[in-house]
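Peer 1: missing the sequence, but the structure's below:
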C-alpha cells in the first residue's frame, strides 16, 4: 500500500512540475509592440524641360606637336659644345647641340677641293687660247675659290663646245664629288631647327657615336596636342577649329584648345574616332594628363539628373499622391555623374536624391528640392 501511495505522489509531483513550468514560461513571455509605420521624407524636383548642352568629356595625355628624334648619320667622337647635352637643356634656333669630331673627314674634303682647284687651274691656259670669250669667268671663279669656305657653283656654260671641253676634263665630276663630301661633312654638326628643350639624352661628351645611333629627343615646349577618343555618334558635331576647354584632373587649372585634326577612320573595336586637340601654354609639360570638355550639341526638351536616380531598364521614380511610382524614360547621354533624359512631361514630380530601399507604391513625405534645401541652410 505504501508503494502505491508513493507512486501516486510521484506522478502528481511530476504533473505539478509540468504545469508550474508552463506557468513560468507564459509569465516570462513579452509581447512585442506592433511596429510603427515609418514614412520616409524625400527630396523632390518638378520637371521643366529645356535645351541641355551635351558636353563630351574625354581624357588624354599631352604630346609635343613639334618633336625631333635625333639620329647620327656619321661616325665619330662626340665633342663638348657650349651647352651640356643633358635632359632639360634649353636651346635656341640655329644653335649647335651635336658636334662630332670631323678632323679626319674634313681632311678628305680639303683634298678633294684641292684636286678640283688644280683641275681648273690646269685648263686655264687652254681656255685662253681656244675659248678666249669664256676665259675671264673661269679665271674669276678660280680667284674666288677659297679652300676654307663652301665650294661655289661652277660658272654657267654658254655653248656646247665649252660644255664638252669642261666635262671632258672631269671638272664637273670632281665638282659634284666635292659637293657630296661637303654635304656629308655638314652632318658632323647638328643644329637646332627650332627653340625648345632636350627631353632625352642618350650620349655624353667623349662617346663614340656610330652611324644610325639614336642620340636623344628634342621638343618645342610651347605647343602640345592631345589625342582623345570620341564616340562616332558625335563626330558630325565636331569641326576643325572648334574650341575645347581643357583642365587638369584636380580641376584647378583650365586651358583653351582647339580641334586641329579628326581621324578619317573609326576604331572597329571601340567604335570611336581619334580627335586631336592643340593647346598652347608655357605651364604645360609633355605627358601631363588632362580632361577635355567638347560641346557637341544641344538636346531640346530634355532634363539632366544625377545618374544614381536612373534605375535599370531606364526607369526613374516619380511621386504621385505621396506614393512612389516608376516611369520609363529615354536616356540620350551619360556623363560621369549626370544623365540627360527625354520623354518626361513638364510638371512631373521626381526624386532629386536617391532613397534607400525605395519601391513602387512606397508612401513618402515630400520636402522640396535638395538644391533649394542646401541653399536655405547656407543662407541661415
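Peer 2: Perfect, thanks for sending it. Since this is a predicted model, take the numbers as computed values, not measurements. Residues are numbered from 1 along each chain as shown.

Peer 1: switch to C-alpha atoms for all contacts and neighbour counts from now on
Peer 2: OK.

Peer 1: Could you tell me the end-to-end distance of stretch 188-199?
Peer 2: One end of stretch 188-199 sits 21 Å from the other (C-alpha to C-alpha, to the nearest Å).

Peer 1: in it, what's buried?
Peer 2: For stretch 188-199, the neighbour count (16 or more other C-alpha atoms under 10 Å) marks 188-192, 194-199 as buried.

Peer 1: again, but for stretch 143-152
Peer 2: Buried-residue list, stretch 143-152, by 16+ other C-alpha under 10 Å: 145, 151.

Peer 1: Any idea how far apart the tips of that stretch sit?
Peer 2: Stretch 143-152 has an end-to-end distance of 11 Å (criterion: C-alpha to C-alpha).

Peer 1: ok, residues contacting that stretch?
Peer 2: Outside of stretch 143-152, the residues within contact range by C-alpha atoms under 8 Å, 6 or more residues apart in numbering are 110, 113-114, 117, 178-179, 182.

Peer 1: Return the per-residue confidence for residue 253.
Peer 2: At residue 253, the model reports a pLDDT of 89.

Peer 1: Not counting sequence-adjacent ones, nearest residue to residue 290?
Peer 2: Spatial nearest neighbour of residue 290, excluding adjacent residues (C-alpha to C-alpha, 6 or more residues apart in numbering): residue 248 at 4.8 Å.

Peer 1: Provide a list of residues in contact with that neighbour.
Peer 2: Per C-alpha under 8 Å, 6+ apart, neighbours of residue 248: 254, 289-291.

Peer 1: If we use 10 Å, what do you get?
Peer 2: With contacts defined as C-alpha atoms under 10 Å, 6 or more residues apart in numbering, the neighbours of residue 248 are 59, 254-255, 288-292.

Peer 1: Equivalent analysis for residue 299, please.
Peer 2: Counting by C-alpha under 10 Å, 6+ apart, residue 299 has contacts 50-54, 332-333, 340-342.

Peer 1: So what pairs up with it in the strands?
Peer 2: Under the criterion DSSP bridges, residue 299 forms beta bridges with residue 52.

Peer 1: from now on call the first residue 841
Peer 2: Shifting the count to begin at 841 puts that one at residue 1139.

Peer 1: where's it relative to residue 1084, distance?
Peer 2: On the measure of C-alpha to C-alpha, residue 1139 and residue 1084 end up 19 Å apart.

Peer 1: got it, and residue 948?
Peer 2: For residue 948, the distance to residue 1084 - C-alpha to C-alpha - is 56 Å.

Peer 1: same deal with residue 1183?
Peer 2: For residue 1183, the distance to residue 1084 - C-alpha to C-alpha - is 30 Å.

Peer 1: Equivalent analysis for residue 932, please.
Peer 2: Applying C-alpha to C-alpha, the value for residue 932 to residue 1084 is 30 Å.

Peer 1: out of the two, which sits in the busier spot?
Peer 2: Comparing residue 932 with residue 1084 by other C-alpha atoms under 10 Å, the one with more neighbours is residue 1084, at 18 against 14.

Peer 1: Find me the pLDDT at the more buried one, would you?
Peer 2: pLDDT, residue 1084: 89.

Peer 1: Likewise for the one 3 residues further on?
Peer 2: In the prediction, the pLDDT value recorded for residue 1087 is 91.

Peer 1: neighbours of it, just the number please.
Peer 2: 18.

Peer 1: That one against residue 1133, yeah?
Peer 2: Yes: counting by C-alpha atoms under 10 Å, residue 1087 does reach residue 1133; the two are 8.4 Å apart.

Peer 1: most neighbours, which of the contacts of stretch 983-992?
Peer 2: Counting neighbours by other C-alpha under 10 Å, residue 953 comes out on top of the contacts of stretch 983-992 with 25 neighbours.

Peer 1: and that residue, what does it touch?
Peer 2: Contacts for residue 953 (C-alpha under 10 Å, 6+ apart) come out as 947, 959, 985-988, 990-991, 1014-1015, 1017-1019, 1021-1022.

Peer 1: With respect to residue 1163, which of these is nearest?
Peer 2: Comparing these against residue 1163 with C-alpha to C-alpha picks out residue 1022 as the nearest, at 90.2 Å.

Peer 1: Once you drop chain neighbours, what's closest to that closest one?
Peer 2: Excluding the flanking residues, the one nearest residue 1022 by C-alpha to C-alpha, 6+ apart is residue 949, at 6.7 Å.

Peer 1: And for residue 911?
Peer 2: Closest residue in space to residue 911, ignoring its immediate chain neighbours: residue 1054 at 4.3 Å, by C-alpha to C-alpha, 6+ apart.

Peer 1: for this structure, what helix or strand is lowest in average pLDDT?
Peer 2: Here the helix or strand of the chain ranked lowest by mean pLDDT, DSSP states H and E is helix 1210-1219, holding a mean of 39.

Peer 1: Just to be sure, residue 1012 is in a strand?
Peer 2: No: assessed with DSSP: H, G, I helix; E, B strand; the rest coil, residue 1012 is helix; it does not lie in a strand.

Peer 1: hang on, it packs against residue 1003?
Peer 2: Yes: using C-alpha under 10 Å, residue 1012 is in contact with residue 1003, at 9.4 Å.

Peer 1: before we move on, back to that, which residues do residue 1087 and residue 1133 both contact?
Peer 2: Shared contacts of residue 1087 and residue 1133 (C-alpha under 10 Å, 6+ apart): residue 899.
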